[in-house]
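Trainee: Give me a model of this one.
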Amino acid sequence: MAAPEISPTRADQFFTHRLPNGLLLLGQRMPDLESVSLCFYVRTGARDESDPALYGVSHFLEHMVFKGTERRDSERITLDFNLMGAEFNAFTSLEQTVYYARVLHEYLPQAVDLLSDMMRPRLDESDFTMERNVILEEIARAEDVPTSQAYRRLMQTYFAGTPMGHDVLGSKESIRDMAVEGMRAYHARRYAANNLIFAIAGAFEWDQVMELVERHCGGWASGEEGRQASEIIPARPGANVIVKPQQKQQLILVASPSVSIQDKDLYAAQLATMVLGDGTGSRLFWNIFQKGLAESAYASLSPFDSTGLLLTFLSTTPDHAPAVLELAQAELRGLQEDGVLEDELRRAKDKLISHTVLDGDSAFSRMQDLAYTWVAEGAVRSIQDEMDRIEAVTLADVRRALDRYPATAPQVITAYGPLDAAALGVEG
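Mentor: Residues are numbered from 1 along each chain as shown. Modelled structure (predicted):
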């Protein structure tokens with residue numbers, strides 16, 4: 001079938017539509033491209049696994065979606081993607097699971113057909129049993145990666161007692177004991193039409209998109225939507241020191257509360273974090289990394305639904321570790337007490353705007369941003385909108401964000417390496 005001609009329009013033209021069953025469609029047309037990126041964004045992840053018998057089910061289910069449907073087995077799914085020359089994959093995180101494809105625009109009908117079919121997998125018990133071993137191997141591999149283990153321990157400590165502390169992969173015990181019936185019930189509940197977003201960016205005609213999605217997804221049932229989310233503050237600040245005598249590097253992670261994805265001060269907090277510790281030109285970069293004291297020294301912001309954290313990550317030698325930790329704490333204190341300078345804010349804005357514009361050239365990035373922004377704000381935004389918001393941040397905004405969420409707030413520290421708490425100079 002010949003592909004419809006792409007009509008000229010502004011590159012920032014947005015579309016939204018909701019089917020009667022609640023499935024939301026979001027689109028940004030980029031007519032200068034020859035490709036289109038599309039995804040099903042499922043508003044579910046490890047955070048929604050409140051039943052211990054289902055820890056890791058979101059990620060496990062991501063694997064199972066590729067194992068077959070009533071219309072296609074796993075080989076047929078792969079072959080159909082290959083016949084389109086598609087780039088395709090999926091990923092699971094704490095709060096979402098995303099299935100995506102990137103194809104030439106003439107293959108849009110086939111791509112919608114395939115991805116929508118996959119959203120209703122057969123969840124065969126024999127496939128489930130076989131894939132369980134793949135997940136267990138993945139967990140075992142992750143346990144051999146020190147940075148993964150350190151981050152996992154930090155999240156377990158910081159979000160203790162909540163599903164946010166669960167590892168996306170689950171545990172050996174939960175995966176080993178999980179029943180396919182539990183996964184089927186979870187899929188029926190969390191993959192309801194009104195808990196999914198279909199997002200698309202690139203070369204397309206919106207009328208065609210609506211018709212295709214309505215045809216393939218209009219009969220899906222509605223059900224559970226979103227989640228009950230609230231701010232999570234660590235119950236007990238302190239240090240969790242995991243001693244690994246054979247490890248050559250000392251990893252140190254320092255976390256404290258920060259903004260959520262919905263917070264009005266998100267950009268102010270993000271710019272302050274860049275001043276503190278982005279990969280190039282930040283305070284941690286110049287005062288720790290560039291002096292050769294650490295292999296890695298950076299800070300990042302992790303905003304989630306209704307909660308968030310500021311994370312400082314250090315990787316250094318055991319000899320340097322106590323001093324590096326103190327230097328990092330000094331930078332956190334300096335940021336909190338003195339704020340940021342005008343020239344620092346300007347440089348951070350320039351870097352963030354450049355990153356935003358470069359991402360905006362990618363249909364794949366725009367596709368993701370459509371869904372992420374809708375979940376956070378209930379709206380879509382253009383690259384220009386985002387640039388304007390970044391540019392509008394003032395020193396007073398940064399000061400307000402730091403006052404609301406102090407960089408020196410009671411911290412959760414996770415250390416992973418050869419040093420014990422006494423050697424690091426922290427209270428375990």
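Trainee: Contacts only, for the closest residue to residue 48 other than its chain neighbours.
Mentor: Nearest residue to residue 48, sequence neighbours excluded (Cβ to Cβ, 6 or more residues apart in numbering): residue 227, at 5.8 Å. To be clear about C-beta, it is placed using only N, CA and C from the backbone, and glycine gets the same treatment. By Cβ atoms under 8 Å, 6 or more residues apart in numbering, residue 227 lies in contact with 43, 47, 48, 305.
Trainee: and residue 227, which of the three is it?
Mentor: Secondary structure for residue 227, judged by DSSP: H, G, I helix; E, B strand; the rest coil, is coil.
Trainee: how does this structure divide into domains?
Mentor: 13-217, 238-424 (automatic domain parsing).
Trainee: so which of the ones you listed comes closest to residue 223?
Mentor: With Cβ to Cβ as the criterion, residue 223 lies closest to domain 13-217 of the domains of the chain, at 3.1 Å.
Trainee: Chain neighbours aside, what residue packs nearest to the most centrally placed residue in the chain?
Mentor: Centroid-nearest residue in the chain, with Cα atoms, centre = their mean: residue 93, separated by 5.6 Å. Nearest residue to residue 93, sequence neighbours excluded (Cβ to Cβ, 6+ apart): residue 45, at 5.2 Å.
Trainee: What of residue 244?
Mentor: In space, residue 244 is closest to residue 417, 5.8 Å off (Cβ to Cβ, 6+ apart).
Trainee: Just list whatever residues bridge to the one you found.
Mentor: residue 243 (DSSP bridges).
Trainee: what about it, how many residues close to it?
Mentor: Other residues within reach of residue 417, judged by other Cβ atoms under 10 Å, total 26.
Trainee: now the strands for the stretch 1-150 of the chain?
Mentor: 13-18, 24-29, 35-42, 87-92, 97-104 (DSSP state E, counting those that start in this stretch).
Trainee: Which other helices and strands does the third one contact?
Mentor: Right, the one you point to is strand 35-42. Under the contact criterion of 3 or more Cβ pairs under 8 Å, 6 or more residues apart in numbering; DSSP states H and E, strand 35-42 touches strand 97-104, helix 108-118, strand 196-202, helix 363-377.
Trainee: Those: which one's closest to residue 60?
Mentor: Nearest to residue 60, of all the helices and strands packed on strand 35-42, is strand 97-104, at 10.7 Å by Cβ to Cβ.
Trainee: picking up where we left off before, do you know the pLDDT at the residue nearest to residue 244?
Mentor: On pLDDT, residue 417 comes in at 97.
Trainee: Same question for residue 9.
Mentor: So residue 9 comes in at 41 (pLDDT).
Trainee: before we move on, back to that, let me see the contact set for the residue nearest to residue 244.
Mentor: 146, 242, 243, 244, 247, 249, 250, 251, 318, 321.
Trainee: how much space is there between it and residue 242?
Mentor: To residue 242, residue 417 is 8 Å away according to Cβ to Cβ, to the nearest Å.
Trainee: Residue 323 against residue 293, yeah?
Mentor: Yes. Residue 323 lies in contact with residue 293 (Cβ atoms under 8 Å); the separation is 7.1 Å.
Trainee: more crowded one of the two?
Mentor: Neighbour count, other Cβ under 10 Å: between residue 323 and residue 293, residue 293 has more, with 19 against 14.
Trainee: quick one: that one and residue 321 touch, right?
Mentor: No. Judged on Cβ under 8 Å, residue 293 makes no contact with residue 321 at a distance of 9.6 Å.
Trainee: returning to that earlier point: can you tell me which of the helices and strands packed on strand 35-42 is nearest to residue 36?
Mentor: That would be strand 196-202 among the helices and strands packed on strand 35-42, by Cβ to Cβ, at 3.5 Å.
Trainee: now for that closest one, which elements pack on it?
Mentor: strand 24-29, strand 35-42, helix 206-217, helix 363-377.
Trainee: In TSV, list these along with mean neighbour count.
Mentor: Shown next, in TSV, are the helices and strands packed on strand 196-202 (neighbours: other Cβ atoms under 10 Å):
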stretch	mean neighbour count
strand 24-29	24
strand 35-42	25
helix 206-217	17
helix 363-377	20
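Trainee: quick one, which of these is nearest to residue 132?
Mentor: strand 35-42 (21.0 Å).
Trainee: Look up how far residue 258 lies from the nearest residue to residue 339 once chain neighbours are set aside.
Mentor: Spatial nearest neighbour of residue 339, excluding adjacent residues (Cβ to Cβ, 6+ apart): residue 399 at 5.3 Å. According to Cβ to Cβ, residue 399 stands 15 Å off from residue 258.
Trainee: quick one on the thing from earlier: compare the strands of the stretch 1-150 of the chain and give me the one nearest residue 55.
Mentor: strand 87-92 (12.7 Å).
Trainee: Output the closest one as CSV - backbone C-alpha positions only.
Mentor: Provided in CSV are the C-alpha atoms of strand 87-92 (Å, rounded to 0.1, in the frame of the first residue of the first chain):
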residue,chain,number,x,y,z
GLU,A,87,14.7,-0.2,15.3
PHE,A,88,12.7,-1.6,18.3
ASN,A,89,13.0,-2.4,21.9
ALA,A,90,11.5,-1.8,25.3
PHE,A,91,12.6,-0.7,28.8
THR,A,92,11.2,-0.8,32.3
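Trainee: List the contacts of that strand.
Mentor: So strand 87-92 is in contact with 45-46, 58-59, 62, 65-66, 81, 97-103, 168, going by Cβ under 8 Å, 6+ apart.
Trainee: That one relative to strand 35-42, how many degrees between them?
Mentor: 20 degrees (axes from the mean of the first three to the mean of the last three Cα atoms, to 10 degrees).
Trainee: Name every strand pairing with strand 87-92 and say which way it goes.
Mentor: By DSSP bridges, strand 87-92 pairs with strand 97-104 (antiparallel).
Trainee: Now residue 349: closest residue in space that isn't a chain neighbour?
Mentor: Here the residue nearest residue 349, using Cβ to Cβ, 6+ apart, is residue 390, at 5.6 Å.
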